[in-house]
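Q: A predicted structure for the sequence below; I have some questions about it.
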Amino acid sequence: MNKKIATALSMGLVLTVAATACSSGSKESKDPGTPSGDKKGARVKLSLFHTNAGITIPDGTDLNNNPWINIVKDKANVDLEVEIPPYTDFPTKFNLLLASGSLPDIVQGYDPIAAYKAARDGAFIDLKPYYDKSPLLQKVVTPQMMELAKDTVSGKYWRIPMAYDKGPQGQGVFARYDLVQKYNDGKWPETIDEWIELLRKIKKAVPDSIPMSNRVIGDTLFGYGGAVFFNLFGADPYGFRIQSGKIVPNVLLPEYKAAVDVYRQLYAEGIFDQEFATNTNDKWFPKWNSKNVLFQWNSADQLLPGIVPVSGQVGTATMAPEARFAFAPDLKTYPSVVSDPRYAKGFLGTPISGHGMYVSSQSKNPDRAFQVIEAFASDELREAVFWGKEGDTYTVQAGKRVPIADKLGDPNRTWSRVYALLFGYTDGQDAQQALYEQKAGADYFKLAKDSMKQRQTDAEANGLNSLIGYAAPDDAAKKTSEMKQALNKFTTEAIMGKITMDQFDQARKDWEKQYRTLVYGPMQAYLDANKDYLIKLGVKQAGW
């Protein structure tokens, strides 16, 4: 993730409060839709272990006594012993906890594969009976989300997943609109050839420019700027498509070869960054910030956080103050090699994250433990986490909340997002957007926000883009890195002209022989056995 975007997202996710009904979770409410357990009596002592999601918690914070955790404690009438290990230590701590045989009452983490394995061995209880009697929780975590979180091996519902459906949806060409204005009279390119011509115009006008660059992230060599044309051809290098019921790795498509031809041409002309295969973050950000890089492929939820620091420190260099970012419209005409333009447009993100809350089978009071989970879905907590207090972090003017920017975005307050364990870190969009509008100005904010509408429309039309519930066998999972590196090698060599396109075709055939059956065979078997189920869950391309 772009460092600028990541920082803005981390520090600026001061999010909105969507109205939901308060859950009582208690006998005194006379509500038959809540779990049993009388909260009027003495407070019950329970323990909670969860992640901080990489959010910095200020030194001196009392994790057992602060305004946000106290809301949870009071609503569930419990005393909580809370443990939040350092983010870098969390995977080790989480796995050691699962292996220890001694679990706290409530566990929260982001590795469902490990947690489900432990659950099948008796670590956690099935939470579906509780969920079915909790109207509040059903408003925050929908029945579809619960179904997506189901353990397909056992058929049990071990976790209450974190919702992750509140942010803008879709993906597309995240571009410098000011460059489109300057070098193309403000007209967005409507074909791939027009995008190529715009890149040429920029390079000709400013020979020192690098109008197309790339950033390498681990085994993902072609990402962000290096992914644009692959995705416009509907052939992301590391993805696959479901076409007529068959899983086809994108690298084997005619569209993939056509995209490589474009990269090869642009590299030869000096338009595509000559260091595309070796750009680390430290190399890439100065180019993105100051070398007229035109675009990158990114998700819609990254645009508004990305426009906030219009000028100033971004990554490792200073972004030109005239930079204006927006998503480009869809192409009006796709190349003839593109068999179905739907694959060249964005998809919905899965509406849950890997995060989830579990109740230990060792808990002496599972009813009250579940009421703690319910408290994490309360309106009061959401209000406190995302908006704060009227007069302190926002004011109300003409019936509209107006952020007090330095208070709403204060790290001493925004760290409370660690408690968005059910709402999700993308919740609270109106508070987030109100803050960004203040920072960016109304005109720029409108340009960026309006450009996201097509991304949302495309994503909703295309549905989800993953095999929900599929877990790769160990022998296939172990080959993932090797498979990507092999793909990277022959694709890079073809782009740089080190091999001919005939040799590139032969390399793809060799790749297919080595990896298709091993890696994609189990995926095909899962699709064949679960096609109707996947379509019902929203994986629309399973029926294309």
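A: Structure received.
Q: My read is that residue 72 contacts residue 372, right?
A: Yes: using C-beta atoms under 8 Å, residue 72 is in contact with residue 372, at 6.3 Å. Any C-beta I mention is one placed from the backbone N, CA and C, and that applies to glycine too.
Q: between these two, what contacts are shared?
A: Shared contacts of residue 72 and residue 372, defined by C-beta atoms under 8 Å, 6 or more residues apart in numbering, comprise residue 80.
Q: Quick one: end-to-end length of stretch 331-350, please.
A: Taking C-alpha to C-alpha, to the nearest Å, stretch 331-350 runs 25 Å from one end to the other.
Q: For that stretch, list every residue counted as buried.
A: 331, 334-335, 337-338, 341-350 (16 or more other C-beta atoms under 10 Å).
Q: Quick check: mean pLDDT of it?
A: The pLDDT scores in stretch 331-350 average 97.
Q: Next: stretch 301-315.
A: 62.
Q: Who are the contact partners of residue 493?
A: 499, 504.
Q: Would you mind naming the helix or strand containing it?
A: Taking DSSP states H and E as the criterion, residue 493 maps to helix 480-495.
Q: Could you check the angle the next helix or strand after that helix makes with helix 480-495?
A: Using DSSP H and E, the next helix or strand after helix 480-495 towards the C-terminus is helix 501-515. Angle of helix 501-515 versus helix 480-495, following axes from the mean of the first three to the mean of the last three C-alpha atoms, to 10 degrees, is 170 degrees.
Q: tell me which strands and helices helix 501-515 is in contact with?
A: Helices and strands touching helix 501-515, by 3 or more C-beta pairs under 8 Å, 6 or more residues apart in numbering; DSSP states H and E, are helix 254-268, helix 480-495.
Q: Buried residues of the shortest one, list them for me.
A: The one in question is helix 254-268. 255, 256, 257, 258, 259, 260, 261, 262, 263, 264, 266, 267.
Q: Packing partners of the helix or strand following that helix?
A: Downstream of helix 254-268, the first helix or strand assigned by DSSP H and E is helix 281-290. Applying 3+ C-beta pairs under 8 Å, 6+ apart, one finds that helix 281-290 contacts strand 317-319.
Q: and the closest residue to residue 265 other than its chain neighbours, what element?
A: Closest residue in space to residue 265, ignoring its immediate chain neighbours: residue 196 at 7.8 Å, by C-beta to C-beta, 6 or more residues apart in numbering. Per DSSP H and E: residue 196 is located in helix 192-205.
Q: and that helix, average pLDDT?
A: Rounded mean pLDDT across helix 192-205 is 98.
Q: So which elements touch it?
A: Counting by 3+ C-beta pairs under 8 Å, 6+ apart, helix 192-205 packs on helix 177-184, helix 228-232, helix 254-268.
Q: Quick one: residues in contact with the second one.
A: With contact meaning C-beta under 8 Å, 6+ apart, helix 228-232 is reached by 171, 173, 192, 195, 212, 222, 236-237, 250, 256, 259, 262-263, 295-297, 331, 334, 344.
Q: Kindly recompute the last result at 7 Å.
A: 173, 192, 222, 236-237, 259, 262-263, 295-297, 331, 344 (C-beta atoms under 7 Å, 6 or more residues apart in numbering).
Q: And for stretch 390-405?
A: Against stretch 390-405 from outside (C-beta under 7 Å, 6+ apart): 387, 388, 407, 408, 413, 431, 434, 435, 438.
Q: In TSV, list those along with distance to residue 320.
A: Formatted as TSV, the contacts of stretch 390-405 follow (distance: C-beta to C-beta, whole Å):
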residue	distance to residue 320
387	34
388	34
407	30
408	28
413	32
431	29
434	26
435	23
438	22
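Q: Could you check how far residue 265 is from residue 336?
A: Using C-beta to C-beta, to the nearest Å, residue 265 is found at 17 Å from residue 336.
Q: again, but for residue 483
A: 30 Å.
Q: repeat for residue 234
A: Residue 234 sits 13 Å away from residue 336, going by C-beta to C-beta.
Q: just residue 184 next, same as before
A: Taking C-beta to C-beta, one finds residue 184 at 24 Å from residue 336.
Q: Contacts only, for the residue nearest the centre of the chain.
A: The centre of the chain sits closest to residue 349, judged by C-alpha atoms, centre = their mean, with a distance of 7.0 Å. By C-beta under 7 Å, 6+ apart, residue 349 lies in contact with 164, 169.
Q: what ranges do the strands span in this protein?
A: 44-49, 78-83, 106-109, 160-163, 171-176, 240-243, 246-249, 295-299, 312-314, 317-319, 325-327, 352-359, 394-397, 400-403 (DSSP state E).
Q: For the first one, what does the pLDDT average out to?
A: On average, the pLDDT along strand 44-49 is 97.
Q: same deal with the last one?
A: Strand 400-403 shows an average pLDDT of 92 in the prediction.
Q: how about the strands of the chain in TSV, adding distance to residue 501 and mean neighbour count?
A: Shown next, in TSV, are the strands of the chain (distance: least, C-beta to C-beta, whole Å; neighbours: other C-beta atoms under 10 Å):
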stretch	distance to residue 501	mean neighbour count
strand 44-49	54	20
strand 78-83	56	18
strand 106-109	47	24
strand 160-163	45	26
strand 171-176	26	25
strand 240-243	22	20
strand 246-249	19	18
strand 295-299	24	23
strand 312-314	38	16
strand 317-319	36	15
strand 325-327	32	25
strand 352-359	40	24
strand 394-397	58	13
strand 400-403	54	16
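Q: what's the nearest residue to residue 528 once chain neighbours are set aside sitting at in phi/psi?
A: Distances taken as C-beta to C-beta, 6+ apart put residue 245 closest to residue 528, at 7.8 Å, once the chain neighbours are dropped. Main-chain dihedrals, residue 245, degrees, to the nearest 10: phi 80, psi 0.
Q: What of residue 207?
A: phi -60, psi -20.
Q: Which segments of this structure make up each domain?
A: Domain assignment for the chain by automatic domain parsing gives 3-167+350-429, 171-345+466-543.
Q: What's the end-to-end length of the last one?
A: Pointing back at domain 171-345+466-543 there. Span of domain 171-345+466-543 from end to end, C-alpha to C-alpha: 21 Å.
Q: Next one: residue 273 from residue 180, what distance?
A: 20 Å.
Q: which one of those two has more residues nearby?
A: residue 273 (24 against 21; other C-beta atoms under 10 Å).
Q: now this structure, which segments are flagged as low pLDDT?
A: 1-41, 308-319 (pLDDT under 70).
Q: one more time with 80, if that's ok
A: 1-41, 306-320 (pLDDT under 80).
Q: ok, and for stretch 437-444, which residues are buried?
A: Buried residues in stretch 437-444 (16+ other C-beta under 10 Å): 437, 438, 439, 440, 444.
Q: which one of these sits closest to residue 54?
A: When the buried residues of stretch 437-444 are compared for distance to residue 54 (C-beta to C-beta), residue 439 wins out at 22.7 Å.
Q: could you check the distance from the closest one over to residue 389?
A: According to C-beta to C-beta, residue 439 stands 21 Å off from residue 389.
Q: Please apply the same query to residue 223.
A: 40 Å.
Q: more neighbours, these two?
A: For residue 223 versus residue 389, neighbours defined as other C-beta under 10 Å are more numerous around residue 223 (19 against 12).
Q: what's the closest non-adjacent residue to that one?
A: Residue 223 sits nearest to residue 217 (C-beta to C-beta, 6+ apart), 5.3 Å away.
Q: Looking at strand pairing, list the partners for the one you found.
A: On the basis of DSSP bridges, residue 217 is bridged to residue 220.
Q: Could you count how many residues lie near it?
A: Neighbour tally, residue 217, other C-beta under 10 Å: 14.
Q: Hmm, residue 224 and it touching each other?
A: No: with contact defined as C-beta atoms under 7 Å, residue 217 does not count as touching residue 224 (8.1 Å).
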